[in-house]
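Student: Kindly return the folded structure for what I paste below:
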Amino acid sequence: MDVTVQDPHTSDTLIKFLADCIMGFVVFLVILTLLVIIVSQVLVTLANQGTIGSSEYSYIGDAGILLCLSVSIAIYLRAYKRIKAFDIPAAIGANLSMISIRTIGLGLIIFSMIICIELIVALISALTNVQISSNVAQTIGNAPAWFYIFSATIEPINEEVAFRGFLLPRLKYFFGGILKNLPELAQFNGTMAIVLSAAIFGALHASYNSTFGIEVIAAFIFGIISGFVYDRTGSLYPGIIAHIFVNSIAVIGILGS
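Tutor: Below you'll find the model as predicted:
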């Protein structure tokens, strides 16, 4: 979905707008697929040669495929959208000039909200005697040290770039375009984009098989809050800061258990 094609409010037809959006989506999907295939083949080759041990193979694969997302976004913006390399950070709300006391403060507020939610969940678990587990420790409990560092730093940055900096604005543009003749609904294009991007972000956490899907719910709530802040400020840094803190606390909890 493309945010820089002709404004749907002035384009000739809705069909042309949809075609432009679909074309952008397909191009990005092709780039991502090719990168994932390349990374997968490299990993298989290294594993067959014994360069990568079986215990690290899945962790390297997870990290590599996740990084493909950010690399695909950079390639898409540079090659397809013709955005200069040095302008890409600004295009996704990650310009260094956006780091300020305000963005840091907002990040800490988001983190505090997530901690409060986790405390509420823990309280409910204690009062009802129902064990609510995220199963994160069971999933990555035996990971190598570098993967914990990756999970606490690179992974949250990567996910914020993908879901807030890249996906959310395109969904907002898409909903604004298809609802252009329904102004009473079009005004909620930002809300729709935030909810859908958060839902996709949450769904990707389903692999943890947590109790009552608590990991999916937590990720969805985080996506809503982080997406709302990004939509209002245009800065990716509040979400990045909060996400790093949240993941770091989870890693510390795993290492301490």
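Student: Not counting its neighbours along the chain, what's nearest residue 59?
Tutor: Counting by C-beta to C-beta, 6 or more residues apart in numbering, residue 59 lies nearest to residue 147, which is 4.6 Å off, once chain neighbours are set aside. Yep, even glycine has a C-beta here, placed from its N, CA and C like the rest.
Student: measure the one you found to residue 63 for me?
Tutor: To residue 63, residue 147 is 7 Å away according to C-beta to C-beta, to the nearest Å.
Student: quick one, strands of the stretch 51-200 of the chain?
Tutor: Here the stretch 51-200 of the chain has no strands by DSSP state E, counting those that start in this stretch.
Student: Please, where are all the helices along it?
Tutor: With DSSP state H, counting those that start in this stretch as the criterion, the stretch 51-200 of the chain has helices at 54-75, 88-91, 101-128, 136-140, 145-152, 154-160, 168-178, 183-186, 189-203.
Student: where in the stretch 51-200 of the chain is pLDDT low?
Tutor: The model of the stretch 51-200 of the chain has pLDDT under 70 over residues 133-139, 141.
Student: which one is residue 159 nearest to, not counting chain neighbours?
Tutor: residue 243 (6.7 Å).
Student: which ones are touching that neighbour?
Tutor: 156-157, 159-160, 222, 226 (C-beta atoms under 8 Å, 6 or more residues apart in numbering).
Student: Farthest pair within these?
Tutor: Pairwise distances across these peak at 14.4 Å for 157 and 222 (criterion: C-beta to C-beta).
Student: Between the helices of the stretch 51-200 of the chain, which one is closest to residue 254.
Tutor: helix 136-140 (4.7 Å).
Student: before we move on, the earlier item: pull out the C-alpha coordinates of the strand or helix carrying the residue nearest to residue 159 and format them as CSV.
Tutor: Assigned by DSSP states H and E, residue 243 belongs to helix 237-256. What follows is helix 237-256, C-alpha atoms only, in CSV (Å, rounded to 0.1, in the frame of the first residue of the first chain):
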residue,chain,number,x,y,z
TYR,A,237,10.9,6.9,19.2
PRO,A,238,8.3,6.7,21.9
GLY,A,239,7.3,3.3,20.7
ILE,A,240,10.9,2.2,20.3
ILE,A,241,11.8,3.3,23.8
ALA,A,242,8.8,1.6,25.3
HIS,A,243,9.3,-1.6,23.3
ILE,A,244,12.9,-1.9,24.3
PHE,A,245,12.0,-1.5,27.9
VAL,A,246,9.2,-4.0,27.7
ASN,A,247,11.4,-6.6,25.9
SER,A,248,14.3,-5.9,28.2
ILE,A,249,12.2,-6.6,31.3
ALA,A,250,11.0,-9.9,29.7
VAL,A,251,14.6,-10.9,29.0
ILE,A,252,15.7,-10.1,32.5
GLY,A,253,12.8,-12.1,33.9
ILE,A,254,13.7,-15.1,31.8
LEU,A,255,17.4,-14.9,32.8
GLY,A,256,16.4,-14.5,36.4
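Student: buried ones in that helix?
Tutor: For helix 237-256, the neighbour count (16 or more other C-beta atoms under 10 Å) marks 237-248, 250-251, 254 as buried.
Student: Relative to the whole chain's centre, how far out is it?
Tutor: 14 Å (C-alpha atoms, centre = their mean, to the nearest Å).
Student: Renumber starting at 24 from here on
Tutor: Fine by me, first position is 24 from now on; the one you just mentioned is helix 260-279.
Student: For residue 190, grab the count of nearby residues.
Tutor: The tally of other residues near residue 190 (other C-beta atoms under 10 Å) stands at 21.
Student: which helices and strands sit right next to the lengthiest helix in the chain?
Tutor: Longest helix in the chain by number of residues (criterion: DSSP state H): helix 37-71. Where contact means 3 or more C-beta pairs under 8 Å, 6 or more residues apart in numbering; DSSP states H and E, helix 37-71 is packed against helix 77-98, helix 191-201.
Student: for residue 115, phi and psi?
Tutor: Here is the backbone geometry of residue 115 (degrees, to the nearest 10): phi -110, psi 10.
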